[in-house]
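S.K.: sequence? don't have it. structure:
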Ligand code: DCP
Ligand code: CA
Ligand code: CA
């Protein structure tokens, strides 16, 4: 059987930590924004985590010392902020959730990148993949407010280099027949695994571009770098990469928590709040097409102690009514057992199963005939 060519995407969020900061404070948008890791030794000791593109024009980028960034941005309206991992993580989760649905298989790599195998979804067509990528960009822009760059290619290696080649807000499609031409003039350090030392070693062999590496005798590469690395360099330079997109799991639970308008022991007041949380949780449930079996409620009391109660529902379900009933039951019981007033309430579901609606219908059809 002939293997169909794959269509792979790499999504990489633009200047991610700094873009998150712009998202929660749009007034930052036109100013240089620098997100830094402050080591705390002196006010300016530490390094730049990332910077928006306004700041990059002044030569500010990931990894440089903060004092240097300050110097380069002297006289501008630059804003320096400390990293807020938790917030970036939240935004990242939202985007990843939105992207998953577009892929046959989905592999998250770090906080701001993901590979999507979309071969089936686009029936192997790179034109359709380009449209799909544009649709994804628009949807995430609308739903979350974040821009990203996409590379589309016949494998992960090409998709990644394609995404890097046009940023920010880029969309770069490299069809199988374009791979060699696309790679040939790029410097060798654009290949994964070619750092400064390796690039220097290749330079000594007269190899500067990926094209030169592709044409270089593979046996000699093996002599210099060893068999595995030599073969890898040869294949990579020729745009050959068979690594599959490996499905990565999703968060194992979904939870929402919120502060009550006033401290209370009134079940109705609690349930009014949890109803909002449940609605939100249910949305995510439907989006992810999963069902749950475990329900927990969380109560943060006026003395800030955290209590929780949980129960397992009879069958795995995505039914919002089952969730509502379970939450009500748990809070009824909880209020009967504690005396303090509640300050914040939370709802959490877990023990997920994939909802295979299509398949279920088919099986029940066959069973009933
Ligand atoms: N990061 C970091 N330190 C580094 C590199 C990155 O803390 N030396 C963090 C901050 C980045 C995030 O990781 O926002 C993602 O890294 P990227 O390399 O993808 O860089 P950006 O997303 O910031 O910019 P780009 O638009 O070039 O992708
Ligand atoms: Ca990245
Ligand atoms: Ca990025």
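M.R.: Cool, got the structure. If you're wondering where the values come from, they're calculated on a predicted model, not measured in any experiment. Numbering: from 1, shown residues only. Ligands and ions are numbered 1, 2, ... in the order given.
S.K.: For the rest of this, base every contact and every neighbour count on C-alpha atoms.
M.R.: Fine.
S.K.: Who are the contact partners of the nearest residue to residue 33 once chain neighbours are set aside?
M.R.: Excluding the flanking residues, the one nearest residue 33 by C-alpha to C-alpha, 6 or more residues apart in numbering is residue 79, at 5.0 Å. Going by C-alpha atoms under 8 Å, 6 or more residues apart in numbering, residue 79 touches 28, 31, 32, 33, 34.
S.K.: what would those residues look like in TSV with distance to ligand 3, neighbour count and pLDDT?
M.R.: Supplementary listing: the contacts of residue 79 in TSV, determined by distance: C-alpha to the ion, whole Å; neighbours: other C-alpha atoms under 10 Å; pLDDT from 0 to 100:
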residue	distance to ligand 3	neighbour count	pLDDT
28	19	18	98
31	19	16	98
32	17	22	98
33	15	27	98
34	14	32	98
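S.K.: Arrange those residues in a markdown table, one row each, with secondary structure as further columns.
M.R.: Below are the contacts of residue 79 laid out as a markdown table (DSSP: H, G, I helix; E, B strand; the rest coil):
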| residue | secondary structure |
| --- | --- |
| 28 | helix |
| 31 | coil |
| 32 | coil |
| 33 | strand |
| 34 | strand |
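S.K.: which one of those sits closest to residue 144?
M.R.: residue 28 (17.4 Å; C-alpha to C-alpha).
S.K.: Can you report phi and psi for the nearest residue to the closest one once chain neighbours are set aside?
M.R.: Nearest non-adjacent residue to residue 28, counting by C-alpha to C-alpha, 6+ apart: residue 22, 5.5 Å away. Main-chain torsions, residue 22, degrees, to the nearest 10: phi -70, psi -30.
S.K.: Residue 22 contacts residue 29, correct?
M.R.: Yes: the criterion here is C-alpha atoms under 8 Å, and residue 22 meets it with residue 29 at 5.7 Å.
S.K.: can you give me the helices in this structure?
M.R.: 16-24, 53-56, 66-72, 85-100, 126-143, 156-165, 179-184, 196-204, 210-215, 218-225, 227-237, 267-288, 320-337, 357-368 (DSSP state H).
S.K.: For the residue in the stretch 251-369 of the chain that ligand 1 sits nearest to, what are phi and psi?
M.R.: As assessed by C-alpha to the nearest ligand atom, ligand 1 sits closest to residue 251 within the stretch 251-369 of the chain, at 20.3 Å. Dihedral pair for residue 251: phi -50, psi 140, per degrees, to the nearest 10.
S.K.: Please tell me the pLDDT value assigned to it.
M.R.: Looking at residue 251, its pLDDT is 71.
S.K.: ok, it to ligand 3 distance?
M.R.: With distances taken as C-alpha to the ion, to the nearest Å, residue 251 is found 22 Å from ligand 3.
S.K.: now swap in residue 222 and tell me
M.R.: 33 Å.
S.K.: Please name the residues that touch the closest residue to that residue other than its chain neighbours.
M.R.: Using C-alpha to C-alpha, 6+ apart and skipping the chain neighbours, the partner closest in space to residue 222 is residue 230 (4.2 Å). Contacts here follow C-alpha under 8 Å, 6+ apart; on that basis residue 230 touches 218, 219, 221, 222, 223, 224.
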